[in-house]
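1. The amino acid sequence is not available; the structure is as follows:
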């Protein structure tokens, strides 16, 4: 059975070029970058080259890049590090209701520890309004943290405008760009950001590596203390092979972004329109066109449940994801879909396909052939669908 | 995450459908929580002659519904009342812990169908 991977927002395969660059740093150039000797120096040099590669992709200075163990740690470092640094200045933090758990849970942790939190709602397309952010700003607001693009519905947020507001009010602005990096342009100056989270394994790099961009002059208190690596922002011996792989992945992402985006947008629209054409009672979640990530398809298929869809697709070798309660690990479906105003029963039937570099038109055709049959089978089993069919024939 | 038996019942569910003029119908769950199970019974004397189900829900919800219909066919209604959600899960070789409470309701639907039958039956008498 030929497998079809359509879950690139969960993770991506490591690019073979990236993997081959990394190998050397496991087996031959294994020195500790902090060491004085030749082994250390060659590792250090590669580490700094990777820092430059990451910085170039986001329009930053290499000195502003702090490597971490991934996106979650970078989000934690940005939020907790800012709160700690500015706690005497103010206690108010602004975020949105569609953030990744790495941001939401961290903000809620601070709320439990004496900070005030405002969670901005989104519109029905999953987009934050700049106006709502403006209204939430208080004299004691110290941090605004908002994602660049949403991981579930692909909605792209008005980051530059929110950043401008933050700048005018002297508020630190953090952006989680884990899903947008390598897919759409990310530039720290154009976006007016102070702190920016990026992750390696979403852009064909290895897992366990990420980075936080920290604008020159912005102060954060470290979470991890020790040997003072990463300009004292993140102690611990650097994950040299991983970081070098991340650097290479950033270089490749820069070269391939335009072509990838063009190709994936075409496949995205083919898949989305194909589903709408072939299956009744389907709703697209998230915005259409330019306001959506090039690789994201998210639909709610009524009268069926998401996990059943995923299991059925998986048996045919097709990998996707869902925002149903069963896959969120709680009794409620995705907070993003609920935040967009979807009722529970529609959120339970959501299905996300996230495209990647290797997907082909043939694979999309395969999904478009199989999915309607799966939906038909599940609907025939569904007591909710009965009522619809009956009311149609009355 | 699921046993082979669960996947078998999910892929090839037994007794899917409805019974016209069923003697008893039972439904549990709601669309909000993501699971609805409806069970139809044909009862002769006190024997369950035929049983069908319709389910909206995850893999565990479909598999438990299918399994419970297999377990009760030919049983007396008193015997059927003895079947618990736990017994259905065990017959499937177990369910993931997270599914034990939210999607393991097929026996409840069965019991509701029997109660519905008893209500209808008593009215007729």
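-> Received, thanks. Fair warning: this is a prediction, and the values are worked out from it, not measured in the lab.
2. what does chain B put close to chain A?
-> Neighbours of chain A within chain B, by Cβ under 8 Å from any Cβ of the partner chain: B:2, B:7, B:10-11, B:13, B:16, B:18, B:27, B:31-38, B:54-62, B:98-99, B:102-103. Where you see a C-beta, it was placed from the backbone N, CA and C, and this is true even at glycine.
3. Inside helices: which ones of these?
-> Counting by DSSP state H, the part of the residues of chain B next to chain A found in helices is B:7, B:10-11, B:59-62, B:99, B:102.
4. Now for these: which two are most distant?
-> Within those, two members stand farthest from each other by Cβ to Cβ: B:11 and B:102, at 21.1 Å.
5. Show residues contacting the helix or strand of chain B with the lowest mean pLDDT.
-> Scoring the helices and strands of chain B by mean pLDDT, DSSP states H and E places helix B:99-102 at the bottom, with a mean of 78. Under the criterion Cβ atoms under 8 Å, 6 or more residues apart in numbering or on different chains, residues A:325-326, A:331, B:33-35, B:58, B:60, B:89 lie in contact with helix B:99-102.
6. Neighbour count for residue B:11 and residue B:102, which is higher?
-> Neighbour count, other Cβ atoms under 10 Å in any protein chain shown: between residue B:11 and residue B:102, residue B:102 has more, with 19 against 15.
7. Quick check: residues of chain A near chain B?
-> Within chain A, the positions near chain B by Cβ under 8 Å from any Cβ are A:303-308, A:311, A:315, A:324-326, A:329, A:331, A:333, A:343-345, A:348, A:380-386.
8. Repeat the analysis, applying 7 Å as the threshold.
-> Residues of chain A lying close to chain B by Cβ under 7 Å from any Cβ of the partner chain are A:303, A:305, A:307-308, A:311, A:315, A:324-326, A:329, A:331, A:344-345, A:348, A:381-384, A:386.
9. Going by neighbour count, which of these are buried?
-> Neighbour-count burial (16 or more other Cβ atoms under 10 Å in any protein chain shown) is assigned, among the residues of chain A next to chain B, to A:303, A:305, A:307-308, A:311, A:324-326, A:344-345, A:348, A:381-384, A:386.
10. Restricted to helices, list the residues you listed.
-> Checking those against DSSP H, those in helices are A:307-308, A:311, A:325-326, A:344-345, A:348, A:381, A:383-384, A:386.
11. Give me the contacts around the longest helix anywhere in chain B.
-> Counting residues, the longest helix found in chain B (DSSP H) is helix B:106-124. With contacts defined as Cβ atoms under 7 Å, 6 or more residues apart in numbering or on different chains, helix B:106-124 is touched by B:23-28, B:37-41, B:43, B:64-65, B:67-68, B:72, B:77, B:80-81, B:83-85, B:88.
12. Show me which of those residues are buried.
-> Burial by neighbour count, judged by 16+ other Cβ under 10 Å, picks out B:23-28, B:37-41, B:43, B:64-65, B:67-68, B:72, B:77, B:80-81, B:83, B:85, B:88 from the contacts of helix B:106-124.
13. List the ones among these that fall in helices.
-> Among the buried ones among the contacts of helix B:106-124, the members falling in helices (DSSP H) are B:64-65, B:67-68, B:72, B:77, B:80-81, B:85, B:88.
14. Tell me which two in the residues you listed are the farthest apart.
-> Checking these with Cβ to Cβ, the most distant pair is B:64 and B:77, at 19.6 Å.
15. so what's residue 53 closest to, chain neighbours aside?
-> Defaulting to chain A. Closest residue to residue A:53 apart from its sequence neighbours, by Cβ to Cβ, 6 or more residues apart in numbering or on different chains: residue A:247 at 3.7 Å.
16. let's do chain B instead
-> residue B:65 (4.4 Å).
17. Run through the residues that contact the one you found.
-> By Cβ under 7 Å, 6+ apart, the residues touching residue B:65 are B:37, B:53, B:55, B:106.
18. Next one: the last one, what pLDDT does it get?
-> Okay, so that is residue B:106. Note on residue B:106: pLDDT of 94.
19. what's the neighbour count on it?
-> 31.
20. Also the second one?
-> Around residue B:53 there are 28 other residues, counting by other Cβ under 10 Å.
21. before we move on, back to that, buried residues in the least confident helix or strand of chain B?
-> For helix B:99-102, using 16+ other Cβ under 10 Å, the buried residues are B:99, B:102.
22. residues in contact with stretch A:58-69?
-> Outside stretch A:58-69, the residues within contact range by Cβ under 7 Å, 6+ apart are A:48, A:51-52, A:54-55, A:74, A:77, A:186-189, A:196, A:198, A:208-216, A:230-231, A:233-234, A:238, A:243.
23. ok, residue B:78 to residue A:132 distance?
-> To residue A:132, residue B:78 is 60 Å away according to Cβ to Cβ, to the nearest Å.
24. These two: which is more packed in?
-> Each of residue B:78 and residue A:132 has its neighbours counted (other Cβ under 10 Å); residue A:132 has more, 16 against 9.
25. what's near enough to touch residue A:267?
-> Counting by Cβ under 7 Å, 6+ apart, residue A:267 makes contact with A:355, A:359, A:361, A:364.
26. Could you grab the helix/strand/coil label for the last one?
-> Translated: residue A:364. For residue A:364, the assignment made with DSSP: H, G, I helix; E, B strand; the rest coil gives helix.
27. ok, now which ones touch it?
-> By Cβ under 7 Å, 6+ apart, residue A:364 lies in contact with A:267, A:270-271.
28. now do the first one
-> Residue A:355 is in contact with A:6, A:8, A:264, A:267-268, A:295, counting by Cβ under 7 Å, 6+ apart.
29. circling back to that earlier point, would you mind putting the contacts of residue A:267 into a markdown table with secondary structure alongside?
-> Below are the contacts of residue A:267 laid out as a markdown table (three-state DSSP):
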| residue | secondary structure |
| --- | --- |
| A:355 | coil |
| A:359 | coil |
| A:361 | helix |
| A:364 | helix |
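30. thinking again about what came up before, TSV for the contacts of residue A:355, including secondary structure?
-> Conversion of these to TSV gives the following (three-state DSSP):
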residue	secondary structure
A:6	coil
A:8	coil
A:264	helix
A:267	helix
A:268	helix
A:295	coil
